[in-house]
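Asks: Quick one: sequence plus predicted model below, questions after.
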Amino acid sequence: MPVLVITGTGTEVGKTLTTAAVAAAAVAAGRSVAVLKPAQTGLRSGERGDADEAARLSGAVTAVELARYPEPLAPATAARRAGLAPVRPEQVARAAEKLAAGHDLVLVEGAGGLLVRFADEGGTLADAARLLDAPVLVVASAGLGTLNTTELTARELRLRRLDLLGVVVGSWPHTPDLAARCNLADLPAVAEAPLLGALPEGSGRLEVPDFRARAAGWLAPGLGGTWDARTFTAAHIAPRPVRGPRP
């Protein structure tokens, strides 16, 4: 798996932290890693982007950004409003392939969800994954509403004949509610793919050495970690309500 594409079911679901955790686990295992961010929005020159943040948290990682747009919008919209050239899937694929020639693992982190457009005329992270023939990891939120967005993303991946590696919960709450606990069993069912990890809420605020030391414990062996979905789910599964006797 020289290239892994990481997408989310939407914005603010924990893609960058998941990318950092996968990178940290790979670095700890002795692998060379690059993080590629095709389009960074909402930041100006000199500000730390998602690829930089993933590299900061994970260790000796090559961070590459293809384009940056100042407004926090979808890449196509942000490029148009800034009067800058958009990113094309072909550029993403070429950049990832070039990085793969010198690294054991390349992580391509998208912006927003799978079908967010890079340019007004089209071109998405899904198109880049197709050109790369790379598996896709989906990062989902924990709570209410995540089943719908996760299933839609998984269906689109299957429709495009892309390999869905699995699902990671990008921010597992300290005190999970009923929906979150039930979703541990339901997410892999609706995605028809394994649950491959759960990052604890606030993991991005950990000191860097702590983040690197703990990252493998948040990820399943398929992502280079030690996390076990069955054990985690059993520890959080919501008990069924007790029904009283019928009158």
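Replies: Nice, thanks for sending it over.
Asks: what are the ranges of the helices in the protein?
Replies: All helices of the chain, identified by DSSP state H, fall at 15-28, 50-58, 75-82, 89-100, 125-132, 146-159, 178-191, 208-214, 229-236.
Asks: Just name the most buried of the ones you listed.
Replies: helix 15-28 (a mean of 27; mean count of other CB atoms under 10 Å). All C-beta atoms are positioned from the backbone trio N, CA, C, and that covers glycine.
Asks: so Pro86 sits right up against Thr124, yeah?
Replies: No: the criterion here is CB atoms under 8 Å, and Pro86 misses it with Thr124 at 11.5 Å.
Asks: Among these two, which residue is more densely surrounded?
Replies: Neighbour totals were compared for Pro86 and Thr124, and Thr124 leads with 25 against 21 (other CB atoms under 10 Å).
Asks: give the contact list for the closest residue to Thr124 other than its chain neighbours.
Replies: Leaving aside its sequence neighbours, Thr124 sits nearest to Leu115 (CB to CB, 6 or more residues apart in numbering; 5.1 Å). Residues counted as contacts of Leu115 (CB atoms under 8 Å, 6 or more residues apart in numbering) are Thr124, Leu125, Ala126, Glu156.
Asks: can you list the helices of the chain in a markdown table and add distance to Val108?
Replies: Output for those, formatted as a markdown table (distance: least, CB to CB, whole Å):
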| stretch | distance to Val108 |
| --- | --- |
| helix 15-28 | 9 |
| helix 50-58 | 10 |
| helix 75-82 | 14 |
| helix 89-100 | 5 |
| helix 125-132 | 7 |
| helix 146-159 | 14 |
| helix 178-191 | 20 |
| helix 208-214 | 21 |
| helix 229-236 | 24 |
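Asks: Among the contacts of Leu115, list the two that are farthest apart in space.
Replies: The span of the contacts of Leu115, defined through CB to CB, is set by Leu125 and Glu156 at 10.9 Å.
Asks: What distance do you get for the residue nearest to Thr124 to Leu164?
Replies: 14 Å (CB to CB, to the nearest Å).
Asks: before we move on, the earlier item: tell me the one among the contacts of Leu115 nearest to Pro200.
Replies: Pro200 lies nearest to Leu125 out of the contacts of Leu115, by CB to CB, at 26.0 Å.
Asks: thinking that closest one is in contact with Ile6, fair?
Replies: No: the pair Leu125 / Ile6 is not scored as a contact, 9.0 Å apart, by CB under 8 Å.
Asks: intersection of neighbour lists for these two?
Replies: Val108, Gly110.
Asks: got the buried residues for stretch 135-146?
Replies: Pro135, Val136, Leu137, Val138, Val139, Ala140, Ser141, Ala142, Gly143, Thr146 (16 or more other CB atoms under 10 Å).
Asks: Who are the contact partners of the fourth one?
Replies: If a contact means CB under 8 Å, 6+ apart, then Val138 has 7-9, 114, 150, 153-154, 157, 164, 166-168, 191, 193 as its contacts.
Asks: swap in the third one?
Replies: Each residue near Leu137 by CB under 8 Å, 6+ apart is listed here: Leu4, Val5, Ile6, Thr7, Thr18, Val22, Leu165, Gly166, Val167, Val168, Leu196, Leu223.
Asks: rerun at 10 Å
Replies: 4-8, 15, 18-19, 22, 107, 109, 164-168, 193, 196-197, 222-223 (CB atoms under 10 Å, 6 or more residues apart in numbering).
Asks: Any idea what it is bridged to?
Replies: Applying DSSP bridges to Leu137 gives these bridge partners: Ile6, Gly166.
Asks: For Glu109, list each beta-bridge partner.
Replies: Ile6.
Asks: How many residues are close by it?
Replies: 28.
Asks: likewise the one 10 residues further on?
Replies: Applying other CB under 10 Å, we find 17 residues neighbouring Ala119.
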